[in-house]
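Participant: attaching a predicted model along with its sequence, questions to come.
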Amino acid sequence: MPLRRRRSHYQQLTEFERGRVVGLREGGFSFSDIAERLGRNVSTVHDCWQQWSREGTASRRPGSGRPRGTTEREDRRVRRMAADCVCGRNSSCSWHTVTQ
(Lines give C-alpha, C1' and ligand atoms only; values in the text may rest on other atoms or scores of the structure.)
Protein backbone atom coordinates (compact mmCIF):
# COMPACT_ATOMS: atom_id res chain seq x y z
CA MET A 1 0.00 0.00 0.00
CA PRO A 2 1.54 3.37 -0.99
CA LEU A 3 2.18 5.93 1.69
CA ARG A 4 -0.06 8.99 1.67
CA ARG A 5 1.59 12.37 1.61
CA ARG A 6 0.37 14.87 4.15
CA ARG A 7 -0.73 18.19 2.77
CA SER A 8 1.13 21.13 4.19
CA HIS A 9 -0.94 23.65 6.09
CA TYR A 10 -2.11 26.43 3.80
CA GLN A 11 -1.04 29.91 4.92
CA GLN A 12 -3.05 32.91 3.70
CA LEU A 13 -1.22 35.88 2.24
CA THR A 14 -1.09 38.74 4.71
CA GLU A 15 -2.33 42.19 3.68
CA PHE A 16 1.30 43.33 3.59
CA GLU A 17 2.28 40.48 1.26
CA ARG A 18 -0.67 41.24 -1.00
CA GLY A 19 0.49 44.84 -1.20
CA ARG A 20 4.01 43.71 -2.03
CA VAL A 21 2.68 41.52 -4.85
CA VAL A 22 0.84 44.47 -6.37
CA GLY A 23 3.76 46.86 -5.89
CA LEU A 24 6.38 44.51 -7.29
CA ARG A 25 4.19 43.56 -10.24
CA GLU A 26 3.57 47.23 -11.05
CA GLY A 27 7.33 47.69 -10.74
CA GLY A 28 7.86 45.26 -13.61
CA PHE A 29 8.77 42.06 -11.77
CA SER A 30 7.64 38.71 -13.17
CA PHE A 31 5.34 36.39 -11.22
CA SER A 32 8.18 33.93 -10.66
CA ASP A 33 10.49 36.69 -9.34
CA ILE A 34 7.80 37.89 -6.93
CA ALA A 35 7.03 34.34 -5.78
CA GLU A 36 10.71 33.71 -5.10
CA ARG A 37 11.08 36.96 -3.13
CA LEU A 38 8.02 36.21 -0.98
CA GLY A 39 8.65 32.48 -0.66
CA ARG A 40 5.23 31.70 -2.14
CA ASN A 41 3.93 29.65 -5.03
CA VAL A 42 3.76 31.33 -8.45
CA SER A 43 0.06 30.47 -8.75
CA THR A 44 -0.67 32.20 -5.42
CA VAL A 45 1.05 35.36 -6.63
CA HIS A 46 -0.77 35.17 -9.96
CA ASP A 47 -4.17 34.72 -8.27
CA CYS A 48 -3.50 37.73 -6.04
CA TRP A 49 -2.61 39.85 -9.07
CA GLN A 50 -5.68 38.64 -10.97
CA GLN A 51 -7.92 39.68 -8.08
CA TRP A 52 -6.25 43.10 -8.01
CA SER A 53 -6.75 43.49 -11.76
CA ARG A 54 -10.42 42.43 -11.65
CA GLU A 55 -11.65 44.05 -8.44
CA GLY A 56 -9.14 46.78 -7.69
CA THR A 57 -8.51 45.30 -4.27
CA ALA A 58 -6.13 42.64 -3.03
CA SER A 59 -7.79 42.08 0.35
CA ARG A 60 -9.71 38.95 1.25
CA ARG A 61 -13.39 38.89 0.46
CA PRO A 62 -15.75 39.17 3.44
CA GLY A 63 -17.22 35.85 4.40
CA SER A 64 -14.39 33.83 2.92
CA GLY A 65 -13.17 31.12 5.21
CA ARG A 66 -14.75 28.35 7.20
CA PRO A 67 -18.36 28.96 8.29
CA ARG A 68 -18.92 29.43 12.00
CA GLY A 69 -20.04 26.41 14.01
CA THR A 70 -21.75 28.47 16.69
CA THR A 71 -23.50 31.80 16.83
CA GLU A 72 -22.23 34.81 18.79
CA ARG A 73 -25.01 34.21 21.31
CA GLU A 74 -23.94 30.59 21.84
CA ASP A 75 -20.32 31.71 22.27
CA ARG A 76 -21.35 34.20 24.97
CA ARG A 77 -23.35 31.49 26.76
CA VAL A 78 -20.42 29.06 26.74
CA ARG A 79 -18.05 31.76 28.04
CA ARG A 80 -20.54 32.67 30.78
CA MET A 81 -20.93 29.02 31.77
CA ALA A 82 -17.18 28.48 31.82
CA ALA A 83 -16.67 31.57 34.01
CA ASP A 84 -19.33 30.36 36.46
CA CYS A 85 -17.84 26.88 36.57
CA VAL A 86 -15.18 26.72 39.29
CA CYS A 87 -12.85 23.82 38.42
CA GLY A 88 -15.74 21.60 37.35
CA ARG A 89 -17.47 21.66 40.77
CA ASN A 90 -20.63 23.32 39.51
CA SER A 91 -23.03 20.53 38.52
CA SER A 92 -24.97 22.73 36.07
CA CYS A 93 -21.80 23.15 33.97
CA SER A 94 -20.71 19.83 32.55
CA TRP A 95 -18.85 18.78 29.42
CA HIS A 96 -22.13 17.56 27.93
CA THR A 97 -23.78 20.94 28.50
CA VAL A 98 -20.91 22.89 26.95
CA THR A 99 -20.67 20.68 23.85
CA GLN A 100 -24.38 20.83 22.99
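Facilitator: Yes, it's here.

Participant: ok, residue 58 to residue 24 distance?
Facilitator: Taking CB to CB, to the nearest Å as the measure, residue 58 falls 12 Å from residue 24. The way it works is simple: take the backbone N, C-alpha and C, and place the C-beta from them, glycine included.

Participant: one more: residue 10?
Facilitator: 22 Å.

Participant: more neighbours, these two?
Facilitator: Higher neighbour count among residue 10 and residue 24: residue 24, with 18 against 6, using other CB atoms under 10 Å.

Participant: which residues does the residue positioned nearest the centre of the chain contact?
Facilitator: In the chain, the centroid-proximal residue (CA atoms, centre = their mean) is residue 12; its distance is 5.7 Å. Contact analysis of residue 12 by CB atoms under 8 Å, 6 or more residues apart in numbering lists residue 60.

Participant: in three-state terms, label it for me.
Facilitator: coil (DSSP: H, G, I helix; E, B strand; the rest coil).

Participant: for it, grab phi and psi.
Facilitator: With angles defined as degrees, to the nearest 10, residue 12 sits at phi -70, psi 150.

Participant: ok, it to residue 31 distance?
Facilitator: 18 Å.

Participant: repeat for residue 10
Facilitator: Per CB to CB, residue 10 is found 19 Å from residue 31.
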